[in-house]
Structure formats: C-alpha cells, structure tokens
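Chemist: give me the fold of what follows.
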Amino acid sequence: MASPKEYQAKAEAQFHKAIKKAHEAKQAVSQYEAAARATDEKTARLRALRLAKEAAAAIAAAENKPAEKKPAARKKAVSKKPAATAADG
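Modeler: The predicted model follows:
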C-alpha cells in the first residue's frame, strides 16, 4: 500500500500538470485573438486604401473626361466621274 505522502505527491503533480495545461491554453487563445485582431486591422487598412484609390481614380476620370462633341455632319460624296448618259452609249 502507498503512503499518504506518495498520494499527496501524485495529486500535486496532477494539479501542477492541470495548471500548466490551463496556462498554455490561455496563452494559445491569447495568441489566436492577437493574430485575428492583427488580420482585421490589416484588412481594414487595406480596404481604406483601396476605397481612397478608387475615389481618386473616379475624380481623375471625371476631370479628364473630354466634353461631348456633336457629330460632324457628313458631306455627300461627290463622284468625280461624270454620270453616264444615254447619248454617250
């Protein structure tokens, strides 16, 4: 039969092991949350940059848009050959 000190030592070892696991789990969650927060911040920053770029491009396109021109009236083509007549024939 094991002595009470052996039982106590085994119980303390299990207790410390459980505490260590809980601490490691807490650290893992903390690291996961930090990584997720960093990803969210990066995504928000890149989205803001993209929206600003698109807005600047839209403004530039509006400023550089040429005024609409009226289509020029087409002139009738004048044939250089004289029209054939029945008398020429």
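Chemist: please make it C-alpha for all contacts and neighbour counts, starting now.
Modeler: Will do.
Chemist: so how far is residue 54 from the most centrally placed residue in the chain?
Modeler: Using Cα atoms, centre = their mean, the residue of the chain that lies closest to the mean C-alpha position is residue 47, 6.1 Å off. For residue 47, the distance to residue 54 equals 10 Å [Cα to Cα, to the nearest Å].
Chemist: buried residues, stretch 19-35. List them.
Modeler: Within stretch 19-35, no residue is scored as buried using 16 or more other Cα atoms under 10 Å.
Chemist: report the distance from that stretch to the chain centre.
Modeler: For stretch 19-35, the separation from the chain centroid amounts to 29 Å (computed by Cα atoms, centre = their mean, to the nearest Å).
Chemist: helix, strand, or coil at residue 73?
Modeler: What DSSP: H, G, I helix; E, B strand; the rest coil gives for residue 73 is coil.
Chemist: how distant is the one helix or strand the residue nearest to the centre of the chain maps to from the center of its chain?
Modeler: Secondary-structure assignment from DSSP states H and E places residue 47 in helix 4-64. How far helix 4-64 lies from its chain's middle: 19 Å, per Cα atoms, centre = their mean.
Chemist: now that helix: average pLDDT?
Modeler: The average pLDDT within helix 4-64 is 96.
Chemist: who are the packing partners of that helix?
Modeler: Helix 4-64 is packed against no helix or strand, with contacts defined by 3 or more Cα pairs under 8 Å, 6 or more residues apart in numbering; DSSP states H and E.
Chemist: and the pLDDT for residue 70?
Modeler: 70.
Chemist: do the one 3 residues further on as well
Modeler: The predicted local confidence for residue 73 comes out at a pLDDT of 70.
Chemist: would you mind measuring from it to residue 14?
Modeler: 96 Å.
Chemist: before we move on, what about residue 20?
Modeler: For residue 20, the distance to residue 14 - Cα to Cα - is 10 Å.
Chemist: equivalent analysis for residue 41, please.
Modeler: In terms of Cα to Cα, residue 41 sits 41 Å off from residue 14.
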